[in-house]
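*Asks:* Got a predicted structure here, sequence first:
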Amino acid sequence: MKQETVNDLINKAFAIEEISPKDAGTIGFMGRALAQATMPHKKQKTNEFVRKNGILTLTMLAPSNVGLPYGSIPRLLMMWLTTEAVRTKERELVLGKTLREFMGQLGLQSTGGRWGSITALKEQMRRLFSASISCHYAENYRESGLNLQIAEDYQLWWDPKSPDQLSLWESNVTLGTKFFNEIINNPVPLDMRVIKAIRRSPMALDMYCWLTYRMSYLRTRTNIPWPMLQTQFGADYGVNEQGVRDFKRAFMRELKKIYLFYPDVKLEFWEHGISLLPGKSHIPPKKTGAKVLATEAT
């Protein structure tokens with residue numbers, strides 16, 4: 001991390017530490033499946049993306065003419081969708097009165113132009129709302145699966161050239177029934193202040209969600225080899241020894257950010273991987289999800 005980035009994150013971490021997320025009103029949520037396995041970090045050449053985590057295989061599919069979502073923005077969108085679904089218990093979610101208002105909820109500044117954040121947001125919304133997710137669990141003779149359509153339909157009425165303009169109709173998305181049920185029945189609680197602080201790094205976002213989720217139910221020491229972690233997080237690294245080393249360096253770099261906001265997470269390192277030790281979840285959940293499947297994933 002650059003020094004100015006380190007100092008900025010340290011200041012944010014100190015400010016967050018002074019007030020609990022409950023008192024600050026900043027508790028948000030991520031769906032359990034996407035806390036265990038991740039979306040693409042970078043633009044993909046195909047319309048299929050597969051991640052593995054223990055007995056879980058998560059496959060994301062998208063129409064070939066649209067493409068898969070990737071990067072930080074769809075992760076921020078997914079957290080917003082999950083948080084709103086948990087809060088409202090409604091499948092149809094209103095996306096804000098204006099484009100700038102909605103982007104503010106995601107922690108994004110609205111900038112125009114071909115390479116601006118408005119263009120990027122609309123593209124990633126189209127990609128995410130067009131995608132579907134398949135969750136497959138398999139161990140020995142046991143096998144189960146769940147197919148999820150993220151959005152049943154959506155309408156975006158915003159004018160990118162006028163982000164403050166109120167539209168005649170409200171932009172909205174209606175979540176797929178099974179996807180909605182999955183995220184409201186198995187939400188992973190997060191501190192959205194941390195999410196906004198590390199929002200520029202897809203890997204840091206994934207690691208924070210995963211560690212918060214794992215620590216919520218971990219009861220015994222768990223050893224995870226680097227190659228297994230790479231199949232979960234390292235979307236853009238080779239499968240050879242050099243790829244594993246590159247992934248390890250990236251993982252350790254992003255972990256420094258996580259430690260600033262989540263110092264209670266307990267990890268030990270050994271030559272071929274890391275060990276998770278029982279400790280405090282960053283936000284203890286009010287209830288647990290389907291523990292049998294969850295505890296068998298890494």
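*Replies:* In hand now; what should we look at?
*Asks:* can you pull out the helices in the chain?
*Replies:* Counting by DSSP state H, the chain has helices at residues 3-17, 21-24, 32-36, 72-88, 99-105, 117-130, 177-185, 192-197, 202-215, 226-233, 241-261, 291-294.
*Asks:* Need the ones you listed in a markdown table (columns: distance to residue 44).
*Replies:* For glycine as for every other residue, the C-beta is placed from the backbone atoms N, C-alpha and C. A markdown table is the format used below for the helices of the chain (distance: least, Cβ to Cβ, whole Å):
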| stretch | distance to residue 44 |
| --- | --- |
| helix 3-17 | 27 |
| helix 21-24 | 33 |
| helix 32-36 | 16 |
| helix 72-88 | 12 |
| helix 99-105 | 24 |
| helix 117-130 | 10 |
| helix 177-185 | 21 |
| helix 192-197 | 23 |
| helix 202-215 | 13 |
| helix 226-233 | 16 |
| helix 241-261 | 17 |
| helix 291-294 | 27 |
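*Asks:* could you dump those helices to CSV with mean pLDDT and mean neighbour count?
*Replies:* Output for the helices of the chain, formatted as CSV (pLDDT from 0 to 100; neighbours: other Cβ atoms under 10 Å):
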stretch, mean pLDDT, mean neighbour count
helix 3-17, 82, 13
helix 21-24, 90, 13
helix 32-36, 88, 25
helix 72-88, 96, 22
helix 99-105, 90, 18
helix 117-130, 94, 19
helix 177-185, 95, 19
helix 192-197, 95, 22
helix 202-215, 94, 24
helix 226-233, 88, 19
helix 241-261, 92, 16
helix 291-294, 37, 15
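*Asks:* Please identify which of those helices is closest to residue 142.
*Replies:* Nearest of the helices of the chain to residue 142, taken as Cβ to Cβ: helix 291-294 at 9.6 Å.
*Asks:* thinking again about what came up before, who wins for proximity to residue 147 among the helices of the chain?
*Replies:* helix 177-185 (7.2 Å).
*Asks:* Next, the angle helix 72-88 makes with the closest one.
*Replies:* 80 degrees (axes from the mean of the first three to the mean of the last three Cα atoms, to 10 degrees).
*Asks:* by contact count, what packs against helix 177-185?
*Replies:* On a contact count with 3 or more Cβ pairs under 8 Å, 6 or more residues apart in numbering; DSSP states H and E, helix 177-185 meets strand 27-31, helix 32-36, helix 72-88, strand 142-149.
*Asks:* Can I get the ones you listed in JSON lines including distance to residue 103?
*Replies:* Shown next, in JSON lines, are these (distance: least, Cβ to Cβ, whole Å):
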{"stretch": "strand 27-31", "distance to residue 103": "16"}
{"stretch": "helix 32-36", "distance to residue 103": "21"}
{"stretch": "helix 72-88", "distance to residue 103": "10"}
{"stretch": "strand 142-149", "distance to residue 103": "25"}
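*Asks:* closest to residue 217 out of those?
*Replies:* helix 32-36 (10.8 Å).
*Asks:* starting at the chain centroid, how far to the closest one?
*Replies:* 8 Å (Cα atoms, centre = their mean, to the nearest Å).
*Asks:* same thing with stretch 136-151?
*Replies:* So, by Cα atoms, centre = their mean, the centroid of stretch 136-151 is 19 Å from its chain's centroid.
*Asks:* As CSV, could you dump the C-alpha coordinates of it?
*Replies:* Only the C-alpha atoms of stretch 136-151 are listed here, as CSV (Å, rounded to 0.1, in the frame of the first residue of the first chain):
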residue,chain,number,x,y,z
HIS,A,136,-23.3,-27.0,-6.0
TYR,A,137,-22.4,-28.9,-2.8
ALA,A,138,-20.9,-32.3,-3.0
GLU,A,139,-19.1,-34.6,-0.5
ASN,A,140,-18.8,-38.4,-0.7
TYR,A,141,-22.3,-39.6,-1.7
ARG,A,142,-24.1,-36.4,-0.7
GLU,A,143,-24.9,-33.8,-3.3
SER,A,144,-27.2,-30.8,-3.5
GLY,A,145,-27.6,-27.7,-5.7
LEU,A,146,-29.3,-24.4,-5.9
ASN,A,147,-29.9,-22.3,-9.0
LEU,A,148,-30.4,-18.6,-8.5
GLN,A,149,-31.5,-15.9,-10.9
ILE,A,150,-30.3,-12.6,-9.4
ALA,A,151,-32.9,-10.3,-10.9
